[in-house]
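Enquirer: Okay, predicted coordinates and the sequence, questions at the end:
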Amino acid sequence: MLPEVASWWRRRTSDTADWPLDTLLAAKGATRISVVLPARDEEATVGAIVAAIRAELIEQVPLVDEIVVIDSRSTDRTAEVAAAAGAEVVAQDAVLPETGRMSGKGEALWKSLAATRGDLIVFVDADLRAFSTGYVTGLLGPLLTDPSVGYVKGCYDRPLVNGENRVEGGGGRVTELVARPLINLHWPLLAGVMQPLGGEYAGRRALLERLPFVTGYGVEMGLLLDVFQDAGLDAIAQVDLGRRIHSHQSNEALGAMSSQILLTVWSRLQRHGRMLPLEAPATALTQFRRAPGGHDVLVSDVSVGERPPMVEVPGYASVRRPLLS
């Protein structure tokens, strides 16, 4: 590691066990905290996550002020299950409808800024299995206790689970094969961030609302790079959350995800003055699938949409409503 990275890593890396509830409650004061779950067809897992947060961090102790599930056009019972477990469920397209419809996880996260009221926002993926509320408390620790921290990434072991088979360290393939090499190549000061694409992270509203949001799979990479550009390395912290078990996607789907991450990196290299492109990148991904008599050719559009910083959206201030104490 570069000396600056090693110093950051020692100072800004902690463990969820370092942030007990009594410490967080003492530091909370009047700070309002929102937990957001972007969800699309996650009826099998979203209920247990919401129920655990509500029971342990709202009813047992007054740490979290609201749980909001942003339903991204689910076709199953995600909304009903989440509501029954105690979340406020908001349809993605019902938030700031005058801004039009876009698709992708980043769109749900961007809309969540207008659908929540917290000063601190914790993002948790809705497909997690064996969820622990330590994910939430761990991510909140640095934000509640250090005003110079604006953004906290979760890090964890990611086993690859396929039925009864488990490969330790086998998850996070896009991170290891795409994201980490790109970060080390172009943003070496971020080399100490262990899970740059992880879906569990938290930030201060005052920072998040100043940033653009990529609408697709590049949202985590885009936010990390933009936080670094906007606030610097020392505004970022990371917390070891232990282990993360979630659903895994096919190599075909991971190819599309990787393409969107590459396009997001391209846009940040250009926007942050790190390269001068000679032409725009292509946005079509060609893949091949074995078929009787040969191969099927699959061509998909992997272009990356982007939303502007929320503070620039005219309707933002009017839709935000205060949390009731």
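Expert: Good, I have the coordinates.
Enquirer: Which stretches in the stretch 201-325 of the chain count as helices?
Expert: Secondary structure of the stretch 201-325 of the chain (DSSP state H, counting those that start in this stretch): helices at 205-208, 219-231, 251-271, 316-319.
Enquirer: I would like the residues contacting the longest one, please.
Expert: What that stands for is helix 251-271. Here helix 251-271 makes contact (CB atoms under 8 Å, 6 or more residues apart in numbering) with 173-174, 177-179, 182, 186, 197, 214, 216-219, 221-222, 225-226, 229, 249, 274-277, 281, 283, 285, 287, 289, 298, 300, 302-304, 306. Where C-beta positions appear, they are placed from N, C-alpha and C, glycine not excepted.
Enquirer: now the last one
Expert: Helix 316-319 is contacted by residues Val95, Leu96, Leu113, Ala114, Ala115, Glu209, Met310 when judged by CB under 8 Å, 6+ apart.
Enquirer: ok, back up a step: Gly294: which of the helices of the stretch 201-325 of the chain is closest?
Expert: Between Gly294 and the helices of the stretch 201-325 of the chain, the shortest gap by CB to CB is with helix 251-271, which sits at 17.1 Å.
Enquirer: what helix or strand is Leu182 on?
Expert: helix 180-186 (DSSP states H and E).
Enquirer: by contact count, what packs against that helix?
Expert: Here helix 180-186 touches helix 251-271, going by 3 or more CB pairs under 8 Å, 6 or more residues apart in numbering; DSSP states H and E.
Enquirer: I'd like the mean pLDDT over the helix it packs on, please.
Expert: Across helix 251-271, pLDDT averages out at 95.
Enquirer: Then stretch 217-230?
Expert: In this model, stretch 217-230 has a mean pLDDT of 97.
Enquirer: So what's the gap between that stretch and the chain middle?
Expert: Centroid separation between stretch 217-230 and its chain, computed with CA atoms, centre = their mean, to the nearest Å, is 10 Å.
Enquirer: shift numbering so it begins at 30
Expert: OK, 30 is where the count begins now, so the last one is stretch 246-259.
Enquirer: got the buried residues for that stretch?
Expert: For stretch 246-259, the neighbour count (16 or more other CB atoms under 10 Å) marks Tyr246, Gly247, Val248, Glu249, Met250, Gly251, Leu252, Leu253, Leu254, Asp255, Val256, Phe257 as buried.
Enquirer: Just the residues contacting the helix holding Leu211, thanks.
Expert: Residues outside helix 209-215 that contact it (CB under 8 Å, 6+ apart): Leu219, Ala220, Val222, Pro225, Ile290, Leu291, Val294, Leu298, Arg303.
Enquirer: cool, stretch 168-182 as well?
Expert: For stretch 168-182, the surrounding residues in contact (CB under 8 Å, 6+ apart) are 41, 43, 45, 47-48, 52-53, 56-57, 60, 62, 92, 149, 151, 183, 222-225, 227, 229-233, 235-236, 252-253, 256, 260, 263-268, 270.
Enquirer: on that earlier part again, can I get the helix holding Leu211 as PDB, trimmed to CA atoms?
Expert: Below are the C-alpha coordinates for helix 209-215, written out as PDB (Å, rounded to 0.1, in the frame of the first residue of the first chain):
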ATOM      1  CA  ARG A 209     -10.500  -3.400  -7.700                       C
ATOM      2  CA  PRO A 210      -8.000  -3.400 -10.600                       C
ATOM      3  CA  LEU A 211      -9.600  -0.200 -12.000                       C
ATOM      4  CA  ILE A 212      -9.400   1.500  -8.600                       C
ATOM      5  CA  ASN A 213      -5.800   0.500  -8.100                       C
ATOM      6  CA  LEU A 214      -4.900   1.700 -11.600                       C
ATOM      7  CA  HIS A 215      -6.700   5.100 -11.600                       C
END
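Enquirer: Am I right that Leu142 falls within a helix?
Expert: Yes - counting by DSSP: H, G, I helix; E, B strand; the rest coil, Leu142 is found in a helix.
Enquirer: need the contact list for the closest residue to it other than its chain neighbours.
Expert: Spatial nearest neighbour of Leu142, excluding adjacent residues (CB to CB, 6 or more residues apart in numbering): Met339 at 4.6 Å. Applying CB under 8 Å, 6+ apart, we find Met339 in contact with Trp139, Leu142, Ala143, Leu237, Glu238, Tyr345.
Enquirer: same thing but at 10 Å, please
Expert: The neighbourhood of Met339, defined by CB atoms under 10 Å, 6 or more residues apart in numbering, consists of 125, 139-143, 234, 237-242, 345-346, 349.
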